[in-house]
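>>> coordinates for the following, if possible.
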Amino acid sequence: MNEHRRQILQMLSEGKISADEAERLISALEEGSAGKPSENVYGSDAKAKPKYLRVQVDSEDNDGHEGPTKVNVRVPMQLLRAGVKLAGLIPAQALHRANDAIHEQGIPFDLTQIKPENLEELIEQLSDLSVDVDQKDHETKVKVKVFCE
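A predicted model of the protein is given here:
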């Protein structure tokens, strides 16, 4: 970790800057050092961290609707970070009730296991996420894309 990054993280931990400000400063550092050799342990050809989770849907309905449906959602990764931090404020009893409801739907997911320290690993793994779905039947043509950018 270089000295500038360490200083930014120190200011963040002392409350002198917000998480958003720290992210902007670190991004500016990374952009400023683009022409310099990378200090990344994964090598110089490592991917940049994703900043957004993107969901796109294009549907051409032929069943009497008012035309095509288009959805283009770009969710900032910072929103995921904030959500995980806020989830830490949910009382344990409410988390258990939410887990029970999720399990009743057949989804094996445990909300109590979502921790801020695990989030960065999740976001790192999301950088490799890319889902493309093409569906064609006699009345509808749908294309769905989920990816990180």
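
>>> give me the phi and psi for the residue positioned nearest the centre of the chain.
Centroid check for the chain by C-alpha atoms, centre = their mean gives M77 as the closest residue, at 3.8 Å. M77 adopts backbone torsions of phi -60, psi -30, taken as degrees, to the nearest 10.

>>> does it touch E124 like I think?
No. The pair M77 / E124 is not scored as a contact, 10.4 Å apart, by C-beta atoms under 8 Å. Just so you know, the C-beta spots here come from the backbone N, C-alpha and C atoms, and that holds for glycine as well.

>>> mutual contacts of those two, please.
Residues touching both M77 and E124 (C-beta atoms under 8 Å, 6 or more residues apart in numbering): K49.

>>> show the contacting residues for the residue nearest to the centre of the chain.
For M77, the contact set (C-beta under 8 Å, 6+ apart) comprises K49, P50, K51, Y52, L53, I123, L126.

>>> quick check: of those residues, which lies closest to T69?
Among the contacts of M77, L53 lies closest to T69 (C-beta to C-beta), at 20.1 Å.

>>> in a strand, that closest one, correct?
Yes. With DSSP: H, G, I helix; E, B strand; the rest coil as the criterion, L53 is part of a strand.

>>> quick check: bridge partners of it?
V75, C148 (DSSP bridges).

>>> circling back: what about the residue nearest to the centre of the chain, distance to E120?
As judged by C-beta to C-beta, to the nearest Å, M77 and E120 stand 10 Å apart.

>>> now do P108
Distance from P108 to E120, by C-beta to C-beta: 23 Å.

>>> between those two, which is the more surrounded one?
Comparing P108 with E120 by other C-beta atoms under 10 Å, the one with more neighbours is E120, at 12 against 6.

>>> can you give me the strands in the protein?
In the chain, the segments counted as strands under DSSP state E are 52-61, 69-76, 130-136, 140-148.

>>> avg pLDDT for the shortest one?
The pLDDT scores in strand 130-136 average 74.

>>> now stretch 24-32
Mean per-residue pLDDT for stretch 24-32: 77.

>>> done for today, thanks.
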